[in-house]
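>>> Okay, structure incoming, though there's no sequence with it:
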């Protein structure tokens, strides 16, 4: 179906997934009083439990054990585990500390980082449109550094960490559901150690037993896994070029929320950098759409 065109169900599922990711700041802002490490620990625990239930229902434990006991796959999963844990932590830290715009910039940069990784790692050749898009994005980052005297560390970290994560996951011969479960399961000892450390320091919010906080933390598994499953189902029913356009829903929502709802400052140079990124993404997207329509 993805070869022939886009289905209505695929569009609804994928667009819904990106929209839910775009609403993440409201969820994490509601947990701003909880240490970011504790939030990530809950995401790991509850996601592991939910994914275990799904794998059990689908009878998928053989794929999980095969991946776990294969040395090369286990090494790859160890790398992706570290990357996704770091990405989750920095994203939660960005939102809860009032840096939603930086998170937005990071995810706008992701497609262009993927292009750069394709050249550097996979030795892919760029089209003229891709060269122009990557150059424009790089110029936007240089502009921020030169005019504001700041390196957009959060944005760059989110973009690069997620780009490398996607590259490694793409090369791993493990199905997405098993891989995500194993990434969360491998992090369970770390999550427990974080909880014990926060408890010893007297900053473990879970121990306070506040009902709404506990409910929100318990929902972190569904909040994490739900959009991923929706995206996985939707992507099978869509063309790659359509997914490429839909992926801008989430960072666009983050940008609008950061400016209009959370009142984060948007000075002229920062706005100029965003506009340059948007132009780069427009060039990149149009180039991808044009190539997808060419006969093979």
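That came through, no problem. Only a predicted model underlies this, so the values are computations on that prediction, with no experimental measurement involved.

>>> how about the spatially most central residue of the chain, phi and psi?
The chain has residue 162 as the residue nearest its centroid, 6.1 Å off, counting by C-alpha atoms, centre = their mean. Main-chain torsions, residue 162, degrees, to the nearest 10: phi -70, psi -30.

>>> Please work out which residues outside stretch 86-103 touch it.
Contact with stretch 86-103 is made by 24-25, 28-29, 31-32, 36-37, 39-40, 43, 106, 152, 154-155, 157-158, 161-162, 165, 251, 254-255, 257-259, 262, 264, 266, 270, as judged by C-beta atoms under 8 Å, 6 or more residues apart in numbering. (C-beta placed from N, C-alpha, C; glycine too.)

>>> When you filter those down to buried only, what's left?
24-25, 28, 31, 36-37, 39-40, 43, 106, 152, 154-155, 157-158, 161-162, 165, 251, 254-255, 257-259, 262, 264, 270 (16 or more other C-beta atoms under 10 Å).

>>> Ranking helices and strands of this structure by mean pLDDT, which lands last?
Least confident element among the helices and strands of the chain, by mean pLDDT, DSSP states H and E: helix 240-246 (a mean of 72).

>>> Could you check how far it is from the centre of its chain?
16 Å (C-alpha atoms, centre = their mean, to the nearest Å).

>>> Same check on stretch 85-105?
For stretch 85-105 - counting by C-alpha atoms, centre = their mean - the centre lies 10 Å from the chain centre.

>>> for stretch 212-226, same thing?
On C-alpha atoms, centre = their mean, the centre of stretch 212-226 falls 17 Å from the chain's centre.

>>> Contacts only, for residue 118.
When contacts are counted by C-beta under 8 Å, 6+ apart, residue 118 touches residue 124.

>>> what's the spacing between the host helix or strand of it and its chain's center?
Assigned by DSSP states H and E, residue 118 falls within helix 100-120. Counting by C-alpha atoms, centre = their mean, helix 100-120 is centred 11 Å from the centre of its parent chain.

>>> Also stretch 11-25?
On C-alpha atoms, centre = their mean, the centre of stretch 11-25 falls 12 Å from that of its chain.

>>> residues of it that come out buried?
Those would be 13, 14, 15, 16, 17, 18, 20, 21, 22, 24, 25, for stretch 11-25 by 16+ other C-beta under 10 Å.

>>> what helix or strand does the fifth one sit in?
It stands for residue 17. Residue 17 is part of helix 8-22, with elements assigned from DSSP H and E.

>>> ditto for the last one
Counting by DSSP H and E, the secondary-structure element that holds residue 25 is helix 24-29.

>>> on contacts alone, who are the packing partners of that helix?
Applying 3 or more C-beta pairs under 8 Å, 6 or more residues apart in numbering; DSSP states H and E, one finds that helix 24-29 makes contact with helix 71-96.

>>> how much does the helix it packs on deviate in direction from helix 100-120?
Helix 71-96 and helix 100-120 meet at an angle of 150 degrees, taking axes from the mean of the first three to the mean of the last three C-alpha atoms, to 10 degrees as the criterion.

>>> List the buried residues of helix 71-96.
Buried, per 16+ other C-beta under 10 Å, within helix 71-96: 73, 76-77, 80-96.

>>> between the buried residues of stretch 11-25, which is closest to residue 57?
Among the buried residues of stretch 11-25, residue 13 lies closest to residue 57 (C-beta to C-beta), at 19.1 Å.

>>> For residue 13, give its distance to residue 185.
26 Å (C-beta to C-beta, to the nearest Å).

>>> Got the phi and psi for the residue nearest to residue 264 when sequence neighbours are not counted?
Excluding its sequence neighbours, the residue lying closest to residue 264 (C-beta to C-beta, 6 or more residues apart in numbering) is residue 258, at 4.5 Å. With angles defined as degrees, to the nearest 10, residue 258 sits at phi -60, psi -40.
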